[in-house]
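Undergrad: Sequence first, predicted model second:
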Amino acid sequence: MSDVPNARQRLLIASVTFFTVLILGYGADAVLVRHPTWIFIDDLILAILAALVVYQYERERSRLLAEKLRVIREMNAYVRNELQILYASLEHLDPGRVRTIEHSVERIDWALRELLPGGHVPEMPAVRSIRRSA
């Protein structure tokens, strides 16, 4: 079974959390009616719990984002290395195939530049320079 909860598990977790908070909140309200001086303590506990939930959520989100960016960087480097090999092999192909490969390389290069987060990728030789050498 995967570490990531499926929709059913998430719904169960949310439901249990809902009912737990509802019961605790109702119980706290019942106590606070009799002891109004404890309202600040109740608010403080609620604020601390909310801060812990948000902190944990943001920490996990940051970890997942960092992992996705690492994978994207690795894929970017891999694809660019393979494109370099294609560029180097263009000299031995007929002009029709060279144009087809160049158009494919341009589309891959565009996708890497436009779709990757951050917008900065290493420069590759322009297709025009390859055409001169072919």
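TA: That came in fine, so what should we check first?
Undergrad: contacts, neighbours, all on C-alpha from now
TA: OK.
Undergrad: Who are the contact partners of I41?
TA: By C-alpha atoms under 8 Å, 6 or more residues apart in numbering, no residues touch I41.
Undergrad: quick one: it and A28, what's the gap?
TA: Distance, I41 to A28, using C-alpha to C-alpha, to the nearest Å: 10 Å.
Undergrad: Please apply the same query to R80.
TA: Counting by C-alpha to C-alpha, the gap from R80 to A28 is 60 Å.
Undergrad: Pick out whichever of the two has more residues nearby.
TA: When R80 and A28 are compared for neighbours, R80 comes out ahead with 20 against 14, by other C-alpha atoms under 10 Å.
Undergrad: name the element the more buried one belongs to?
TA: In the assignment (DSSP states H and E), R80 maps to helix 39-89.
Undergrad: Now the element after that helix, going C-ward?
TA: Downstream of helix 39-89, the first helix or strand assigned by DSSP H and E is helix 95-115.
Undergrad: now the angle from that next one to helix 39-89?
TA: Relative orientation of helix 95-115 and helix 39-89, computed by axes from the mean of the first three to the mean of the last three C-alpha atoms, to 10 degrees: 170 degrees.
Undergrad: Could you check how far the most centrally placed residue in the chain is from V71?
TA: The residue lying closest to the centre of the chain (C-alpha atoms, centre = their mean) is L65, at 3.7 Å. In this view, L65 and V71 are 10 Å apart by C-alpha to C-alpha.
Undergrad: Low-confidence bits of the chain, can you list those?
TA: Residue ranges of the chain with pLDDT under 70: 1-3, 90, 115-134.
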